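Engineer: Show me the folded form of this:
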Amino acid sequence: MSVRAWGPAEALAVTGRPLRIHPMVVGYEPIREDISIIGGDDHVFLLEPVTATAVVYADGWVLLDSGFNVDVIRDPEERRYYFNYDSYTALVPPGDPLPEQVAALGLEWSRLRGCAISHVHVDHTGGLRFVPADVPVVFQRAEYEFGATISPTMGGDYAAVPKDYLRDGLDIVLIEGDVELSPGLTAIDTAGHTPGHQSFVVELASRTVVLACDAADLRKNIVEAIPCGTQMRPEDAAAAQTAVDRLRELDERPGVEVWPGHDPEWWGWKERVVE
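Structural biologist: Residues are numbered from 1 along each chain as shown. Model (predicted):
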């Protein structure tokens, strides 16, 4: 594994602008409403989608988030440790949903030109096992450095599987703050839910899609500027509010759609292609 800083003139190896995005639902998780939004009902559970997105260019594609590691889920001991706590469990269909959906979309891993991960929670890092060794994997520096302090014996306490993002063979690239990763694709700082959480802005021909990821689980988080109900560190609560304020401001701009990361009712995650 290599870990390096993003260079001042660096960009992912795609050209032109994004042609389309493919929203993917790669699993589900039952979540108490008060975990997804401050003030939610702690007696109401939402069956929330676990999401990932392929951003397609003429000469390659970029993966944003990657779902669960199904090998961990299907190992009884690892599943018990990482996925069964506080009424939570990971739900995946038979098979392996990320590579199967990538194949169904006609995408090839050999044409993957980059991957970016919003944060180190278990439902975002699992697909890194499919990323080829020469493909950059982009994290915010604050997120990756915090994630690297989580040992395997601590992972269950932080809802992280460290071996997903610390494994040999990954080309980890660290950015700080808002960075254009390639034409029409920008990572933006939305820290708070975790120490270095990032969201993504994708500029398509007809619209701009902002993938909030876990800075806003539900549409209500965005519309009412209410943070998610949990932060990895209690001291990040103010940052979480700043992040959701930023997302609401973006959502109010003409032609911009801010997509909540886990809303079971959000139309975007029910689409196969958005252009």
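Engineer: what's across from residue 187 in the sheet?
Structural biologist: residue 179, residue 200 (DSSP bridges).
Engineer: and it, what pLDDT?
Structural biologist: Looking at residue 187, its pLDDT is 98.
Engineer: Could you number the chain from 40 rather than 1 from now on?
Structural biologist: Yep, numbering from 40; the last one is residue 226 now.
Engineer: surely it meets residue 220?
Structural biologist: Yes. Using C-beta atoms under 8 Å, residue 226 makes contact with residue 220 at a distance of 5.8 Å. Bear in mind the C-beta positions are built from the backbone N, C-alpha and C, glycine included.
Engineer: who touches both of these two?
Structural biologist: Common contacts of residue 226 and residue 220, defined by C-beta atoms under 8 Å, 6 or more residues apart in numbering, comprise 155, 177.
Engineer: packing partners for the helix or strand of the chain with the lowest mean pLDDT?
Structural biologist: Lowest mean confidence among the helices and strands of the chain (mean pLDDT, DSSP states H and E): helix 194-197, at a mean of 80. Helix 194-197 is packed against helix 115-121, with contacts defined by 3 or more C-beta pairs under 8 Å, 6 or more residues apart in numbering; DSSP states H and E.
Engineer: I'd like to know which elements the helix it packs on is packed against.
Structural biologist: Using 3+ C-beta pairs under 8 Å, 6+ apart: helix 115-121 touches helix 109-112, helix 194-197.
Engineer: and it, which residues are buried?
Structural biologist: For helix 115-121, a neighbour-count test (16 or more other C-beta atoms under 10 Å) marks 117, 120, 121 as buried.
Engineer: what does stretch 123-136 give?
Structural biologist: Buried-residue list, stretch 123-136, by 16+ other C-beta under 10 Å: 127, 129, 131, 135, 136.
Engineer: which helix of the protein spans the most residues?
Structural biologist: helix 276-290 (DSSP state H).
Engineer: Beyond that one, next helix or strand please.
Structural biologist: strand 295-298 (DSSP states H and E).
Engineer: re the thing from before, send me the least confident helix or strand of the chain as PDB with only the CA atoms.
Structural biologist: Coordinates of each C-alpha in helix 194-197 appear next as PDB, following Å, rounded to 0.1, in the frame of the first residue of the first chain:
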ATOM      1  CA  GLY A 194     -13.100  -1.400  14.400                       C
ATOM      2  CA  GLY A 195     -16.500  -2.500  15.800                       C
ATOM      3  CA  ASP A 196     -16.500   0.400  18.100                       C
ATOM      4  CA  TYR A 197     -16.100   2.800  15.200                       C
END
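Engineer: contact partners of that helix?
Structural biologist: 120, 121, 124, 159, 189, 200, 201, 271.
Engineer: How far does it sit from its chain's centre?
Structural biologist: 18 Å (C-alpha atoms, centre = their mean, to the nearest Å).
Engineer: Now the closest residue to residue 242 other than its chain neighbours, what are its backbone angles?
Structural biologist: Leaving aside its chain neighbours, residue 242 sits nearest to residue 223 (4.1 Å; criterion: C-beta to C-beta, 6 or more residues apart in numbering). Main-chain torsions, residue 223, degrees, to the nearest 10: phi 80, psi 10.
Engineer: ok, residue 223 touching residue 53?
Structural biologist: No. The criterion here is C-beta under 8 Å, and residue 223 misses it with residue 53 at 9.2 Å.
Engineer: quick one: which of these two has more around it?
Structural biologist: Higher neighbour count among residue 223 and residue 53: residue 53, with 23 against 19, using other C-beta atoms under 10 Å.
Engineer: does that one sit in a helix or strand, and which one?
Structural biologist: Counting by DSSP H and E, residue 53 is found in no helix or strand.
Engineer: check contacts around it.
Structural biologist: 96, 97, 98, 99, 100, 101, 152, 153, 221, 222.
Engineer: biggest separation within those residues, which pair?
Structural biologist: Taking C-beta to C-beta, the two most distant members of the contacts of residue 53 are 97 and 153; they sit 14.8 Å apart.
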